[in-house]
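>>> what shape does this take:
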Amino acid sequence: MALWKETNTPASAASSPALAPVAPERPSVDPSVVNTPRNKPKERVEGGESVIAAGLVIEGKIEGSGSVRIAGRFKGDVRIDGNFTIESGAHLTGQVMAAVVHVAGELQGNIESAKRVDVMDGGVIVGDVKAGSITVAAGSRMRGNVQFGWDDEKVAKLDVGRIGDGR
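Numbers count the residues shown, from 1 in each chain. Take a look at the predicted model:
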């Protein structure tokens, strides 16, 4: 494919043809199709979504912004600003700190400081959960302590009151 187009100019018609750059053609877009609900881009958390696919076994640490979805096996701690999902059949051994946590697979470890935790049908948590809210579906299992509905200021005031009361 040539990136130039040969043209003859009137002044140089007798001499060699001049070379002029040609911009690639862009396909025309029908404005009625753009930004329809079907074609509208999905909202994304900054950083996008990372996926650990089924069949993968990874050991390490996950940190950063964006969302993470695990379908395989992961051993290590997770600390992200976005959503964290453990798919059905996936397994995580480690601590989790994320804005929203969805557990459909198995988690052996604690969930700390989440705004929301959803334990889906078939989800298993062996560890403690501390979240703003928690939703537990029928068919899920958990072994550990759960704290929800508390913000850090309320907890700090209660702990100070207990120390002063001698409880």
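
>>> so which helix or strand of the chain has the lowest pLDDT on average?
Least confident helix or strand of the chain, by mean pLDDT, DSSP states H and E, is helix 152-165 with a mean of 52.

>>> could you list the low-confidence segments of this structure?
The model of the chain has pLDDT under 70 over residues 1-47, 151-167.

>>> show me what V96 is bridged to.
Beta-bridge partners for V96, by DSSP bridges, are V78, I111.

>>> count the neighbours of it for me.
The number of residues packed near V96 is 26, by other Cβ atoms under 10 Å. Any C-beta I mention is one placed from the backbone N, CA and C, and that applies to glycine too.

>>> so what's it up against?
Going by Cβ atoms under 8 Å, 6 or more residues apart in numbering, V96 touches D77, V78, F84, L107, G109, N110, I111, E112, A114.

>>> do N145 as well
By Cβ under 8 Å, 6+ apart, the residues touching N145 are D128, V129.

>>> quick one: contacts for G76?
Residues counted as contacts of G76 (Cβ under 8 Å, 6+ apart) are I58, E59, G60, K61, I62, T93, G94.

>>> by neighbour count, which of those residues wins?
Using other Cβ under 10 Å as the neighbour test, those are led by I62, with 21 neighbours.

>>> separation between S88 and S65?
Separation of S88 from S65 (Cβ to Cβ, to the nearest Å) stands at 26 Å.

>>> who has more neighbours, these two?
Remark: of S88 and S65, S88 carries more neighbours, 14 against 11, as counted by other Cβ under 10 Å.

>>> tell me how many other residues surround the residue lying closest to that one once chain neighbours are set aside.
In space, and not counting its chain neighbours, S88 is closest to A104: 4.4 Å by Cβ to Cβ, 6 or more residues apart in numbering. If you count neighbours by other Cβ under 10 Å, A104 ends up with 20.
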